[in-house]
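# Need coordinates for the following:
(chains A, B, C and D)
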There are 2 protein chains.
Amino acid sequence: MSMSSTMAGPRPVRSKVIADGLEEEIISGALPAGCKLDETAVAQRFGVSRTPVREAFLTLASRSLVERMPYRGVVVCDLSLERIDQMFEAMGEIEGMCGRLAAGRMTTVERARLWDQQSAMEAMVGQDDFAAYDEANSLLHDMIYAGTHNDDVVEIAKAMRVKLAPFRRSQLQSRERVAESTLEHAAIVDAILEHDGVSAERHLRRHLLNSAKTFIAAHSARAQRAESGT
Amino acid sequence: MSMSSTMAGPRPVRSKVIADGLEEEIISGALPAGCKLDETAVAQRFGVSRTPVREAFLTLASRSLVERMPYRGVVVCDLSLERIDQMFEAMGEIEGMCGRLAAGRMTTVERARLWDQQSAMEAMVGQDDFAAYDEANSLLHDMIYAGTHNDDVVEIAKAMRVKLAPFRRSQLQSRERVAESTLEHAAIVDAILEHDGVSAERHLRRHLLNSAKTFIAAHSARAQRAESGT
DNA sequence: GATGATTTGTACGTATGTATA
DNA sequence: ATATACATACGTACAAATCAT
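Just a heads-up that it's a prediction; the model follows:
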């Protein structure tokens, strides 16, 4: 039962640590678009060998955060404000599709659980436990994805959410936005429960659009600053 | 201007060769779902070291052809008939979405080029150059993706097509199917040119559904045989 | 255009973590 | 529960290719 000195996980897995660290730096703008990433330099900076760095690069490339060219190295992809806008739009389209499919396919049990989840989240609006709300939020959206009964659609949606995760996180830190978000969820869940796919799709698109607006308003300055390194 | 002795590429890049080879084997069913892939064994089989094999595993994992668990190895993902069905459905949804967006956003130049492409493909129906048709087919769909003016949507669509590529290839080897496909394209292109997003979406969904039917009818036996290794 | 320096791709050995007996 | 066996994760050394001079 004894814990490590740092209290962290029992299995670090360097390549994952590197990937997460680099992702954070790319998102924050510390590593601007077009910046070349040198294997040796990154390895030294993280205090590891080149091997886990290479694996991290593979992972980041699969998330299209960096681009790899044989024997030519990797560069970080463009994450301009327009690109982020596009990501939110794409997420809205994907989630809208999920909602439409889920509205027509969810089993009674799935609908009941979705309703429970929404109720639980409405109860969380007052208290400012943003981490818990974020967790519940992910779960709610997961339930909608699963409601499509299509593993590939679920996978696409989750992959897209991973790409947006860093942005959505900072966007759910406001009490107002949490309240707004919960209201939007109510409309979405209602539509799904009533088997109204068209309405569910529309509400989900608007929901993501609102998330985008909130984020972009808060981070436009920072994002624009990161755009300088073309 | 001199060429290599084998005429092939000047830079093989082992890890890519391994990844492509394994992909082919997974698709063909030689490596059934649930099959464990041992680094050392694969390395010996391909006559290389474990390093490029590891990188190939990372790539395959990003295409969700295999699953990786830390310190536990990799296993090939399920590619049962139902899974393939889901893939085609997902592709239909994604392409439908692309068509809807493209119908509303394409520039005049983009629409003109789309029309040209369709005309070119209609001229190819008689001759049985399936490779050329497949190439033109990819281009047509690419133009629709690009018409969304959203890089993330384009990326999702292309990634999905990569996953389906092996199946679609064998499905376009019939002269009848090529003719059918071209007719379906005509309806899709017409809808896009008329800015009718709803119609474009519907026709694209049906188009993919027909592709799925053709493939599944031809390969159901082989796919079911590959399902045995659960 | 050829040569050298730098960087990526690959091979192989060691250590850590997992799953068996 | 401890220990052993095994495969993976990581580190280091060499080869191949790109770029800079």
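# Just the pLDDT at A:Arg222, thanks.
Among the per-residue scores, A:Arg222 holds a pLDDT of 53.
# do A:Arg105 as well
The score at A:Arg105 is 98. That number is its pLDDT.
# try A:Arg83
Taking A:Arg83 on its own, its pLDDT is 81.
# where's it, which helix or strand?
Under DSSP states H and E, the secondary-structure element containing A:Arg83 is helix A:81-105.
# Do you have the strands of chain A handy? List them.
Listed in chain order, the strands of chain A (DSSP state E) span residues A:36-37, A:66-69, A:73-76.
# list the helices and strands the second one packs on?
Going back to what we said before, that points to strand A:66-69. Contact analysis of strand A:66-69 by 3 or more C-beta pairs under 8 Å, 6 or more residues apart in numbering or on different chains; DSSP states H and E lists helix A:50-62, strand A:73-76 as its packing neighbours. Quick note: C-beta positions are derived from backbone N, CA and C, even for glycine.
# Now do the contacts for the residue nearest to A:Val189 when sequence neighbours are not counted.
Across the structure, with C-beta to C-beta, 6 or more residues apart in numbering or on different chains as the measure, the residue nearest A:Val189 apart from its sequence neighbours is A:Gln118 (4.5 Å). By C-beta atoms under 8 Å, 6 or more residues apart in numbering or on different chains, the contact set of A:Gln118 is A:140, A:185-186, A:189.
# what's the distance between A:Gly126 and chain B?
Here the distance between A:Gly126 and chain B works out to 35 Å (C-beta to the nearest C-beta, to the nearest Å).
# Count residues in the vicinity of that residue, would you?
Using other C-beta atoms under 10 Å in any protein chain shown, the number of residues around A:Gly126 comes to 10.
# what does A:Thr148 give?
Neighbours around A:Thr148, by other C-beta under 10 Å: 25.
# Thought A:Leu101 was touching it, still the case?
Yes - A:Thr148 lies in contact with A:Leu101 (C-beta atoms under 8 Å); the separation is 4.1 Å.
# still on that earlier bit, quick check: ChimeraX command selecting the buried ones in the contacts of A:Gln118.
To isolate the buried subset of these in ChimeraX, counting by 16 or more other C-beta atoms under 10 Å in any protein chain shown, use the following:
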select /A:140,185,189
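# Residues of chain A that sit close to DNA strand D?
Residues of chain A that fall close to DNA strand D, judged by C-beta under 7 Å from any atom of the strand: A:12-15, A:48-52, A:55, A:70-72.
# Swap in 6 Å and give it another go.
Residues of chain A that fall close to DNA strand D, judged by C-beta under 6 Å from any atom of the strand: A:13-15, A:48-52, A:55, A:71-72.
# In ChimeraX, how would I select the buried members of the residues you listed?
If you want just the buried ones from the residues of chain A next to DNA strand D in ChimeraX, going by 16+ other C-beta under 10 Å, the selection is:
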select /A:14,15,48,52,55
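# would CSV of the residues of chain A next to DNA strand D with pLDDT be doable?
Shown next, in CSV, are those (pLDDT from 0 to 100):
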residue, pLDDT
A:Val13, 88
A:Arg14, 91
A:Ser15, 94
A:Val48, 95
A:Ser49, 95
A:Arg50, 94
A:Thr51, 95
A:Pro52, 96
A:Glu55, 94
A:Tyr71, 91
A:Arg72, 93
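# Show me which of the residues of chain A next to DNA strand D is closest to DNA strand C.
Within the set of the residues of chain A next to DNA strand D, A:Tyr71 lies nearest DNA strand C; the separation is 4.5 Å, counting by C-beta to the nearest atom of the strand.
# ok, that closest one to A:Gly197 distance?
When C-beta to C-beta, to the nearest Å is applied, the distance between A:Tyr71 and A:Gly197 equals 49 Å.
# Same check on A:Thr148?
Noted for A:Thr148: a distance of 11 Å to A:Gly197, by C-beta to C-beta.
# So for chain A, the centremost residue is which one?
In chain A, the C-alpha nearest the mean C-alpha coordinate belongs to A:Ala165, at 2.2 Å (C-alpha atoms, centre = their mean).
# Quick check: that residue vs DNA strand D, distance?
Taking C-beta to the nearest atom of the strand, to the nearest Å as the measure, A:Ala165 and DNA strand D are separated by 22 Å.
# Find the closest residue to chain B in chain A.
Of all residues in chain A, A:Ser62 sits closest to chain B, at 3.2 Å by C-beta to the nearest C-beta.
# Help me confirm that that residue comes into contact with B:Ser62.
Yes - the pair A:Ser62 and B:Ser62 qualifies as a contact (C-beta under 8 Å) at a distance of 3.2 Å.
# quick one: buried residues of the longest helix along chain A?
When chain A is parsed with DSSP state H, its longest helix is helix A:197-226. Along helix A:197-226, these residues count as buried under the neighbour rule (16+ other C-beta under 10 Å): A:197, A:199-205, A:207-208, A:210-212, A:214-216, A:218-219, A:223, A:226.
# quick one: low-confidence parts of chain A?
Within chain A, the segments meeting pLDDT under 70 span A:1-12, A:166, A:169-172, A:219-230.
# How is it partitioned into domains?
According to automatic domain parsing, chain A is divided into the following domains: A:3-76, A:81-228.
# tell me the contacts of the closest residue to DNA strand D within chain A?
Shortest chain A-to-DNA strand D distance, computed as C-beta to the nearest atom of the strand: residue-wise this is A:Arg14, at 2.8 Å. Applying C-beta under 8 Å, 6+ apart to A:Arg14 gives the contacts A:46, A:48, A:52.
# and with 10 Å instead?
For A:Arg14, the contacting residues are A:46-49, A:51-53, A:55-56, by C-beta atoms under 10 Å, 6 or more residues apart in numbering or on different chains.
# Report the separation between it and B:Ile188.
In this structure, A:Arg14 and B:Ile188 are separated by 48 Å, where distance is defined by C-beta to C-beta.
# try A:Phe57
Using C-beta to C-beta, one obtains 38 Å as the distance from A:Phe57 to B:Ile188.
# Measure how buried A:Thr40 is and give me the count.
The burial metric for A:Thr40, expressed as a neighbour count using other C-beta under 10 Å, is 10.
# same deal with A:Leu22?
Residue neighbour count, defined by other C-beta under 10 Å, stands at 25 for A:Leu22.
# gap between it and A:Pro52?
As for A:Leu22, its distance to A:Pro52 is 11 Å (criterion: C-beta to C-beta).
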